[in-house]
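Engineer: 3D, please:
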Amino acid sequence: AVPRTASAPPREAPPPPALVTATGASPGLVHAALVRSGQQLYADNRDLTILTAVGAGAEVIADGSVHIYGPLRGRALAGAQGNGQARIFCREFHAELVAIAGHYKVLEEIPKDLRGKAVQVWLEDGQLHIAALDAT
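Structural biologist: So this is what the prediction gives:
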């Protein structure tokens, strides 16, 4: 006869590994309505995405980047808490003012050939740059 041994209790599956997330990260704020003159929209510690237009006299501000999928006629400020890596992206550029981490340009300083175009705005070596986005 085969000696009988006590069976070991069933083993529990190890717990799943913990998810690692970036500290302080939160999903971006998505705004689907028109941002009208006199309105101010702020994305605290995150990116801001506007699905429509930003009207003249309106202001959109984010601690991260700003993405605008309609015309930008008002003001857009990215990197509001000093994030120099933030950018502004816009499909139709008519901005009154753009700023990244406190560096800004007003309408009069923006090249006329960029008006109405899809552009990106970024900060490099302390200078604000604006360039058309190529449709390739």
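Engineer: which residues touch the residue lying closest to residue 73 once chain neighbours are set aside?
Structural biologist: Excluding the flanking residues, the one nearest residue 73 by C-beta to C-beta, 6 or more residues apart in numbering is residue 56, at 4.3 Å. Where you see a C-beta, it was placed from the backbone N, CA and C, and this is true even at glycine. Applying C-beta atoms under 8 Å, 6 or more residues apart in numbering, one finds that residue 56 lies in contact with 37, 73-74, 96.
Engineer: and residue 56, how far from residue 107?
Structural biologist: Distance, residue 56 to residue 107, by C-beta to C-beta, to the nearest Å: 10 Å.
Engineer: mind listing the shared neighbours of these two?
Structural biologist: Here residue 56 and residue 107 share the contacting residues residue 96, scored by C-beta under 8 Å, 6+ apart.
Engineer: all strands of the chain, in order?
Structural biologist: 29-31, 40-43, 48-50, 59-62, 66-72, 75-78, 88-93, 97-100, 103-106, 119-124, 127-132 (DSSP state E).
Engineer: surely residue 76 and residue 90 touch.
Structural biologist: Yes - using C-beta atoms under 8 Å as the test, residue 76 is close enough to residue 90 to be in contact (7.1 Å).
Engineer: find the residues that touch each one of the two.
Structural biologist: With C-beta under 8 Å, 6+ apart applied, the overlap between the contact sets of residue 76 and residue 90 consists of 68, 121.
Engineer: now residue 72: closest residue in space, sequence neighbours ignored.
Structural biologist: Here the nearest residue to residue 72 in space, its sequence neighbours aside, is residue 90; by C-beta to C-beta, 6+ apart that works out to 4.5 Å.
Engineer: got the contact list for the closest residue to residue 133 other than its chain neighbours?
Structural biologist: Nearest-residue entry for residue 133: residue 118, 4.3 Å, with adjacent residues in sequence omitted and distances by C-beta to C-beta, 6+ apart. Neighbouring residues of residue 118 by C-beta under 8 Å, 6+ apart: 89-93, 132-133, 135.
Engineer: okay then, goodbye and thanks.
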